[in-house]
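>>> Structure of the sequence below:
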Amino acid sequence: MNCCPSCCSSCNSTSPQNPSTMSLPYSLSNFLPAGTVQISLSSGVAPTCYHVHAEDGWHAIDLNFDSGIASPASEDLVKSLMFLVQQQFIAATYRIIYANSSAQLLIARIYLIPYDLAGVNGRLSYNARKRENGQVLGLARRYMSNLLPQIMQDQESWAEGQVHSSFHPIIEYSADQRTLPQIYGDLPSPLPGLRSHSSTLARRLLDFNDPLDGLGLRSTLLRYQRESVVAMLEREESSHLDTPNPLYVPLSGLDGRIFFYQPGTTEILREQSIVSLPPGGVLCEELGTGKTVIVLALVLGTLKQLSQPEESVIDPRPVLTPLAFSHFPSGEFSWIRERVMRNPKSKKSVESHRVPTFREILLHQLCTSPDSNIADRTSEAGTAKDERRQSLSETFDQLPMYDIWRKANNPFYYHFQDVCLLRTSDRGRNNPGPRVMYLSTATLIVVPPNLISQWDRELHKHCEESPRTLIVRSKTVLPSAKELAAYDIILMSYPRFCDEDRNANLSKAYSWKVCKCPEFPGFRIPNCQCKPPDISPLLQIRWKRLVIDEGHVSSSLSTRLTPFTKLLSVQARWIVSGTPTTNLLGLSFGGSGTEEEGVMTSTPSQDELQSQSDDDDDSLFGDNEHRESPSSAPIPSTRIWSSSDSQDIQKLMNMVSQFIGVKFLADHQVIRTHLKDALLSDEGPRPGAINMLVQLMKTVMIRHRISDVEKEIILPKLTQECVLLDLHPYSVMSYNALQAAILINAIDSERTDRDYIFHPSNAEYLQLTLKNMSQLMFWSVDSNLYNVEELVENTQKMLLKVNTNQKHIREDDLALAREALHHTKLAFQNGLWREIQMHEDVPYQVSNVPLPILNVWSRLAANNPGKHFIHPDRLILLRQQVLRHPLSDEAKLCSVGSEIVEADLLSRRLHEELERKKDSPKKKLRVRSATHKSATGISTGTNDLKITSAARNVSAADKIKEMQQELRAALARLDDFDNEGTPASPTKIRIQPSLLLHKSPVAQIRVHNTVSSKLNYIIEEVQKYAAYEKFLIFSESPLTLAHVYEALNLLQIKSLQSTTQTSVLIREQLVLTFETSDVYRVFLMELKHSARGLNLVSASRVIFCEPVWQLDVESQAIKRAHRIGQVRPVSVKTLVIRGTAEEIMMERRRTLTTSGTKIPKLLEEAGMRSFIEHPEFLKSTNSGNASQVDFPLFRLPSTSQLSSTPAPTPVTATLPLPSPSHKRQRVDDEARKSPPKRIVRFG
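Now for the predicted structure:
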């Protein structure tokens, strides 16, 4: 007999008592044999022998176990074991390992007790334990999280009680340093496979040699796109709706059995939890990988599939038609007819019903069960079948009245309120009756307003024959529900979709009213003219599918979008977004070909990194009631998840539970206990938490890893460059004046109390100061001269008090105050700088301007000798005058200039008068002291005038008309090429200037550098490349875009501008014009409204006028050009002023991105805030690498033609033509037109 090493000598000589097999349910055989743990013993002390073996032949760890025998290193483990055994979360047995006759190590077998253990009447369930003692459950979570990573699955150790020879934990818990975006990026690609229930379409899509003829898709789907379509088809099939609960991760025991573990609650179950998922999900393929064509392939593949009635356990809902409901006598039709008509309020009598004719049965079948199979022309049999089907369809179409009968015989069902059906008595309560719901093959697609036209273009580009599409714009009146249900696609903008919530009172839809309209002559279908209920038609249809593009907006529950979508009856709901949440970016596509040039490499100090780490460790929950105290031995190097991670998780859960409708995630308590508690623990994610999150994301998300996408398609190279520029000397004066204001404010307020600009109560002032600083680094003026006169006076007074010992200032602050005084004096004493501040435009240096003309046309009387400046608006007016009257002499031009000066002064006086009448607090910050005003009170009136005038110029009727004419011409060229294969007449670009220009006194004027170094760089870039490549220029500031737009006008380069003040319809036309016309070379876009969702692959050069702090915003903007369809290498340049906050911003963002740290708000980032709090002055430099702008004001005709002066003739330029495409057609989107009709689109 083998002796038990854990037994005492007496037991080994007489044999210990072996208990009989424990009675159910607490037999060890009902528990999961998880593995073993090793416990080191102190000073060779062994546990007391109680002369009895456990069921497995080892000694039991129970309440009699002496926990004091463990060494200090194992105390926490033993403490966890004892608590979990005592509270029946685990069972444990042990065996001793001796060395030199001294107990050295204890090997413990761990058995996990399932919460759903049979035979205990649910006493161990999570809810029962929570009710009994929630504190015990909280401690159990902590101790289980400590124990599980230490349980090793070693068969020899389990069987023989040996020291672990291998280290395979029951649950992998390595220090996972991945951030949430990295986890998102590592999600496995969907791998749909053929199953017994797979549809024919899915089988064809997964046959990568099948050209998919008959699908109606003009474009060729790539492999990953096919897989995504199949995955979406599978998510829409009812057989896939019941799935294992992704909040539980599998745990395998040493005997091969699998239990299921919930990391948040540490609940362990024997039976797998099954949840029901609604059809749909999140299509979140990488930006620029063709999500639109994936959606269109899904729509075309199911184009003729009819939606099914919403499921109800207690309410049978047969599919009806007006014909069948009125006259078919069989089973379900008779039953539903009696159910609806037996109500006393229904006056229609039930007549006798004869057997329907074959024609009636056939029509009912065609309306309720259309042939939805996709033609398979890859075989002779498939081709013959498709031809027979087409022939039959043509036969039906030729039947008299068939089209009218089919439209009048809309399939529908009656939707009764479940609450009425569940009542045992209707006493005192009225049953409002059923609600008529029309079935439809339509997909409802909701998109941002600026993407309506883009989706329209994508439909024409990818579909061989455009589906019946209704485009609903802001003023489009929706047709009736019957008409709406007949379309294939309803394309709506967010605002127009949300406007339907004004008619969302569903109680108005329930009625006992039955149609009594007369029937069509010779056929028993009612010619229904009944007035529809007074609710939105969208609420009267059972939609086959709802797709929301850029669907991350559905994460917000405070908007109208998500609440209204919850009222819709939808079979499958899809969110389409490459960036589902703020930090789940999906921006890696094309990254393998990205090169970075000129990127700064300086790193932050250790203090800054520590400060940032402290910021990220802030409280993650609104209340601390459910927080657990950290364990005494936290696992090292584990990443602690931050509050931003919590926000991303919550946004994702909002989308999944509220929009898609995953009910088991709609419980906020479940989200907190099962998900957030597991991931956001103080010690880092608990064991299994990351695996659980991956399971959950895989359940609802469809996306391919970028490595799988790039196996099929590689985008052109993307080059990103940070261009360091030096401020122009006059801009340096303005910048230093603003820095001096911030510095004097800090010194004078002693960096305390509310007068200090960085005091928490002054967040609004600080934000405005940063905005002013950013604008100044492009170009900005201040009619108050940045308060330099006041600053000089206040600084001198402060220094006088210091010199007379009336005020004490630190030596370093004293030196800074003197430096600030020096720079403010430099600005104050410079006459030209003072004059420049009086007008908002950027001055341009000019040459070859006659002095009399210069003195009249220039606003700057203090022009330096040899350096003459004129503002661009005056130069443009001068050019227009001379082009109209080329023989105007010097006197005439001076006279015209004087008139323009007078008109300009009058316009400014009117503007100032209007400004005075407006509410001044909205235009200027209220300040509490003179020094505080110096820091933040910059006048914005002059710059506002520029923004207003620029917006007026861009939206001027002639500009809009010119753009629309070019758009029509470009589309006409495409259509003419499609029709005849030959291009239409080329577009007239401009009128050739008169040869008489050579005789003008201003003909030789040349334009040179401006006083904005960034604008100089943009002008130089556009001059160099605009003839061959198109530009996207982004800025957060409309004022910056206004300056660039004016510069391009001066250059005579056609450009388009989209800002917040541009209407949605015009914005759509701008995008379409830029993509189809070769005339417009530059598109100026405000980041806030133009950087997401647009497809602008005609541009290959991108310029950011200032650094963008939010990485997702910048990447989204880049992806407008760097995406599928781009054929050129893409160059991205960010303009940064050297030695300023912009340079530090790029350094800090790069450091945070490289380290994987979440990028906080700009003013919350320690390094950025420190730099802004400690202003540094710039020195005026003349960099040898500065841009050199030089171009003529007039494009003079060739002097070889001076001998003759013919009349001006139009000059035309032949524009490059697009590749041939099939004839484009679209369905008329007017409100009351019949859906199937098509018209040729000309513009």
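>>> Mind jotting down where the strands sit in the stretch 651-800 of the chain?
Under the criterion DSSP state E, counting those that start in this stretch, strands of the stretch 651-800 of the chain are mapped to 701-702, 718-725.
>>> Looking at the ones you listed, which one is packed in the most?
Most buried of the strands of the stretch 651-800 of the chain by mean neighbour count (mean count of other C-beta atoms under 10 Å) is strand 701-702; its value is a mean of 24. No exception for glycine: its C-beta is placed from N, CA and C like everyone else's.
>>> follow-up on the earlier one: need the strands of the stretch 651-800 of the chain in a markdown table with distance to E1114 and mean pLDDT, can you?
Converted to a markdown table, the strands of the stretch 651-800 of the chain look like this (distance: least, C-beta to C-beta, whole Å; pLDDT from 0 to 100):
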| stretch | distance to E1114 | mean pLDDT |
| --- | --- | --- |
| strand 701-702 | 24 | 92 |
| strand 718-725 | 9 | 93 |
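>>> Would you mind putting those into JSON lines with distance to F758 alongside?
Output for the strands of the stretch 651-800 of the chain, formatted as JSON lines (distance: least, C-beta to C-beta, whole Å):
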{"stretch": "strand 701-702", "distance to F758": "42"}
{"stretch": "strand 718-725", "distance to F758": "27"}
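>>> closest to F1031 out of the ones you listed?
Proximity to F1031, assessed across those by C-beta to C-beta, is greatest for strand 718-725 (14.4 Å).
>>> Which strands and helices lie in contact with that closest one?
Using 3 or more C-beta pairs under 8 Å, 6 or more residues apart in numbering; DSSP states H and E as the contact test, the elements touching strand 718-725 are strand 594-597, helix 1013-1025, strand 1130-1137.
>>> Just give the nearest non-adjacent residue to H415, would you?
Nearest residue to H415, sequence neighbours excluded (C-beta to C-beta, 6 or more residues apart in numbering): R435, at 4.4 Å.
>>> what do you get for C894?
Spatially, and ignoring its direct neighbours in sequence, C894 is nearest to V856 (4.8 Å; C-beta to C-beta, 6+ apart).
>>> what about the helix or strand where that neighbour lies, distance to the chain center?
In this assignment (DSSP states H and E), V856 forms part of helix 851-857. Its chain's C-alpha centre and that of helix 851-857 lie 53 Å apart, by C-alpha atoms, centre = their mean, to the nearest Å.
>>> Could you do stretch 199-207 as well?
31 Å.
>>> Helices along the stretch 651-800 of the chain, start to end?
Under the criterion DSSP state H, counting those that start in this stretch, the stretch 651-800 of the chain contains helices at 668-670, 677-679, 689-700, 706-709, 729-748, 763-776, 788-803.
>>> possible to save those helices as CSV with mean neighbour count?
Putting those into CSV (neighbours: other C-beta atoms under 10 Å) gives the following:
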stretch, mean neighbour count
helix 668-670, 12
helix 677-679, 22
helix 689-700, 21
helix 706-709, 18
helix 729-748, 24
helix 763-776, 18
helix 788-803, 17
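>>> Compare those helices and give me the one nearest C463.
helix 706-709 (23.2 Å).
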